[in-house]
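Colleague: give me coordinates for this.
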Amino acid sequence: MKTTAPIFNILTALLVTCLLLYSPTSLYAKYEESRGVWLTTVGGADWPDSHNAGSQQTQLRNMLDNLKSANMNTVFFQVRTRGCTFFPNPYEPMAAELTGTLGGDPGYDPLQYAITQAHNRGLEIHAWFNCFLVWSSNYWPPESTPPHPLNEHSDWRMVDNQGHAPDPNLGEDVFFSPGNPEVIAHTQALAWYLVENYDIDGIHFDYIRYPGTQYSYDAVSLARFYSDEGNPDNLTWPDWQRSQINQFVDTFYDSAIVLKPKVKVSAAVIGRYNTPPWNGYYGVFQDPQQWAENGNIDIIVPMIYWPIGDPYPFEQYLMDWVNNRRADRLLYAGMGTYKYEDDYNEVYSEIAVARGLHAEGHTHFRYDNLVTNTGFLWNLADTHYKNPANQPAMPWKDDIPPLGVDSLAIEPNEEYDYAVIRWPALRDSASDGEVVSRYNVYRAVDEPLSIINPNHLVSITTRPDTVYYDLDFQPGHAYQYAVTALDKLQNEGPASPILIYNYLSIDDTAQLPSTLTLEEPYPNPFNASVTLTINVPSQTPGTLRIYDLAGRLVKSLYTGELNSGMMQIIWQGDTDQKLPAASGIYLAVMESGETRQMKKLTLLK
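Modeller: Numbers count the residues shown, from 1 in each chain. This is a model prediction of the structure:
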């Protein structure tokens, strides 16, 4: 009697239990993580739901608002569906979903509108681009301007091993053949046009494969396979098929990063790489691990649409992808959220598994299935997406962080219980010349602040704005704030000095200090950082600066209002030039009006 299945199920259960108990942070928050959704436009599955431009725009804004409110950060927006597009271009017609007519003019550029609206909300937008599946209706494409490529080039179709080319009149899906150089040239030209003319954050390939092993025995592919020029390495037929896809990815990536060096290139791929029964490598000649090894893909998104504990389980296949990485490229778990509208606990568990296995993100298929159950998206926002998250960095594209923020200032409004946190804009660019893209704002209440605690990341600005409004500002609590700068590829600069504000309750006001004093620093001597405490009887303007013994300014720690109560400011042993200060003795000097107090500091390294 075989015992493989029971043993496997026991191991699976143990694996899932361990991952779900990994830690509260693993379950409910992650500091850097892509939280994505496929926004499907083919057939108007998610969008658009009408042929009216104004209604389309309103619907799209509402969708993006929902994603932003739920602390999601990535949208895979479908722009090429079945040989037609959601952006004007000289190669293919506009999709019929926009106007009811293939090639019809919607009166605006849907992709450009989506980009603007997504970026206004701080969302990344990746152009979802179906590669080789070009038609899936039970009729041939109607006439249009530009003409549909199937009408122009029916000879580009894949052919099966019986010599049959799919016929739309028979309801057969039509794929173009990757073994035909004209197909590759057309598809790449359209994709390059997209990268060059739109401010997309990335391009996301789908159907970047054959439909099955019985394809493509078209005349061009066969002639090339049997020729020295088309098959110089004398590859076997399956290896040659895979090489056609690999070459498409390689040549596209090399040219795309010349056009736009920081564009992200990703692909949705079959959820099983090369494990039985059916998989991408052997079943459809798809080899994303090779793309990563070649350095020509940034993100792999395996579509693992099997539930946890299934005979073909989500957790096992994701672990296979994680354990068999060939390069330091990102891995986002593609989740079949559409299957679990009645069991969203499955989705929560898959998010926890993805975090426990250190996947850099996850993506839901599809948008409508996130919002059909109205409470689901908001439950995610209250639990697994409670705090915002940065996009994972890509050090192979850019590993130089921006400069640090010098100081923070607080403007408390105790009458209406809110506070405004401001910081100076960074005037200088980083060493690679790149300017700041946005800022992280960290906040802790009644506990020490840590920028590696995902629960302390409370806001990511949508632009390089230098202000944060704390609208949950209540008396009787101690607040700590810090800010870091981010560049376009999410490299994070050093943290600002931590600003501490004690918001006294009415009962605490009797305990206000009677005189303005700078207390003894702690710890002193210090190695990494030292806390400087100022007792303030009433709000007054002031400064706190660090000098060396020769009287030279080392660091301007604070300039602004000294607020009533106890203010704590942390010096991290650095200079205004963002360099580490040398070991030695320094002077902390607090000045306000005619008051000037000084404390000696000893920095040991």
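Colleague: so where's the protein shaky on pLDDT?
Modeller: 1-29, 374, 505-511 (pLDDT under 70).
Colleague: top helix in it by residue count?
Modeller: Counting by DSSP state H, the longest helix found in the chain is helix 237-259.
Colleague: put the alpha carbons of it into PDB.
Modeller: The C-alpha trace of helix 237-259 is given here as PDB (Å, rounded to 0.1, in the frame of the first residue of the first chain):
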ATOM      1  CA  TRP A 237      13.000  20.600 -30.700                       C
ATOM      2  CA  PRO A 238      11.800  21.300 -27.100                       C
ATOM      3  CA  ASP A 239      15.100  23.200 -26.300                       C
ATOM      4  CA  TRP A 240      14.800  25.100 -29.600                       C
ATOM      5  CA  GLN A 241      11.200  26.100 -28.700                       C
ATOM      6  CA  ARG A 242      12.300  27.400 -25.300                       C
ATOM      7  CA  SER A 243      15.200  29.200 -26.900                       C
ATOM      8  CA  GLN A 244      12.800  31.300 -29.000                       C
ATOM      9  CA  ILE A 245      11.000  32.600 -25.900                       C
ATOM     10  CA  ASN A 246      14.300  33.100 -24.100                       C
ATOM     11  CA  GLN A 247      15.700  35.200 -27.000                       C
ATOM     12  CA  PHE A 248      12.500  37.300 -27.100                       C
ATOM     13  CA  VAL A 249      13.000  38.100 -23.400                       C
ATOM     14  CA  ASP A 250      16.700  38.700 -23.700                       C
ATOM     15  CA  THR A 251      16.600  41.100 -26.700                       C
ATOM     16  CA  PHE A 252      13.600  43.000 -25.300                       C
ATOM     17  CA  TYR A 253      15.200  43.500 -21.900                       C
ATOM     18  CA  ASP A 254      18.600  44.700 -23.300                       C
ATOM     19  CA  SER A 255      16.900  47.300 -25.500                       C
ATOM     20  CA  ALA A 256      14.200  48.300 -22.900                       C
ATOM     21  CA  ILE A 257      16.800  49.300 -20.300                       C
ATOM     22  CA  VAL A 258      18.600  51.400 -22.900                       C
ATOM     23  CA  LEU A 259      15.300  53.300 -23.500                       C
END
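Colleague: could you point out the helix or strand that follows it?
Modeller: Tracing the chain C-terminally past helix 237-259 and defining elements by DSSP states H and E, one meets strand 264-270 next.
Colleague: picking that back up, can you tell me what sits against the longest helix of the chain?
Modeller: Residues from elsewhere that reach helix 237-259 (C-beta atoms under 8 Å, 6 or more residues apart in numbering): 131, 178-179, 184, 187-188, 191-192, 195-196, 203, 205, 208-210, 213, 216, 221, 225, 231, 235, 263, 265, 267, 281-282, 285-287, 290-291, 294-297, 397. All C-beta spots, glycine's among them, are computed from the backbone N, C-alpha and C.
Colleague: go with 6 Å
Modeller: Applying C-beta atoms under 6 Å, 6 or more residues apart in numbering, the contact partners of helix 237-259 are 178-179, 184, 188, 195-196, 225, 231, 263, 265, 285, 287, 290-291, 294, 296.
Colleague: closest one of these to Thr461?
Modeller: Thr461 lies nearest to Val263 out of the contacts of helix 237-259, by C-beta to C-beta, at 22.2 Å.
Colleague: burial count for Ile200?
Modeller: When neighbours are counted by other C-beta atoms under 10 Å, Ile200 registers 24.
Colleague: leaving out sequence neighbours, find the closest residue to it.
Modeller: Ala127 (4.7 Å; C-beta to C-beta, 6 or more residues apart in numbering).
Colleague: check contacts around that neighbour.
Modeller: Per C-beta under 6 Å, 6+ apart, neighbours of Ala127: Val79, Leu194, Ile200, Ile203.
Colleague: repeat for Trp156
Modeller: Contacts of Trp156 (C-beta under 6 Å, 6+ apart): Phe176, Asn180, Val183.
Colleague: how about a cut-off of 8 Å?
Modeller: Applying C-beta under 8 Å, 6+ apart, the residues contacting Trp156 are Pro149, Leu150, Phe176, Ser177, Asn180, Glu182, Val183, His186.
Colleague: quick one: residues contacting the residue nearest to it when sequence neighbours are not counted.
Modeller: Excluding its sequence neighbours, the residue lying closest to Trp156 (C-beta to C-beta, 6+ apart) is Phe176, at 4.6 Å. Residues in contact with Phe176, defined by C-beta under 8 Å, 6+ apart, are Phe132, Val134, Pro149, His153, Trp156, Arg157, Met158, Val183, Thr187.
Colleague: just these: which are in helices?
Modeller: Per DSSP H, the contacts of Phe176 map to helices at Pro149, Val183, Thr187.
Colleague: select from these the one having the most neighbours.
Modeller: Result: Val183 is most packed of these (other C-beta under 10 Å), 28 neighbours.
Colleague: which one is it nearest to, not counting chain neighbours?
Modeller: Per C-beta to C-beta, 6+ apart, closest to Val183 is Phe176, 4.5 Å.
Colleague: on that earlier part again, distance of the residue nearest to Trp156 relative to His148?
Modeller: 12 Å (C-beta to C-beta, to the nearest Å).
Colleague: so which residues of the stretch 351-500 of the chain form strands?
Modeller: In the stretch 351-500 of the chain, the strands defined using DSSP state E, counting those that start in this stretch lie at 361-365, 409-413, 418-422, 438-445, 457-460, 467-470, 477-486, 499-503.
Colleague: of the ones you listed, which is nearest Gln572?
Modeller: strand 477-486 (10.3 Å).
Colleague: relative to strand 409-413, how tilted is the closest one?
Modeller: When axes from the mean of the first three to the mean of the last three C-alpha atoms, to 10 degrees is applied, the directions of strand 477-486 and strand 409-413 differ by 140 degrees.
Colleague: hmm, back to that, so the longest helix of the chain versus strand 264-270, what angle?
Modeller: Going by the same axes, to 10 degrees, helix 237-259 makes 160 degrees with strand 264-270.
Colleague: gap between helix 237-259 and the chain center?
Modeller: Centroid separation for helix 237-259 versus its chain: 24 Å, with C-alpha atoms, centre = their mean, to the nearest Å.
Colleague: show me the contacts for Gly122.
Modeller: Counting by C-beta under 8 Å, 6+ apart, the residues that Gly122 touches are Lys68, Asn73, Arg438, Ile460, Thr461, Thr462.
Colleague: can you rerun that using 10 Å?
Modeller: Lys68, Asn73, Pro388, Arg438, Ser459, Ile460, Thr461, Thr462, Arg463 (C-beta atoms under 10 Å, 6 or more residues apart in numbering).
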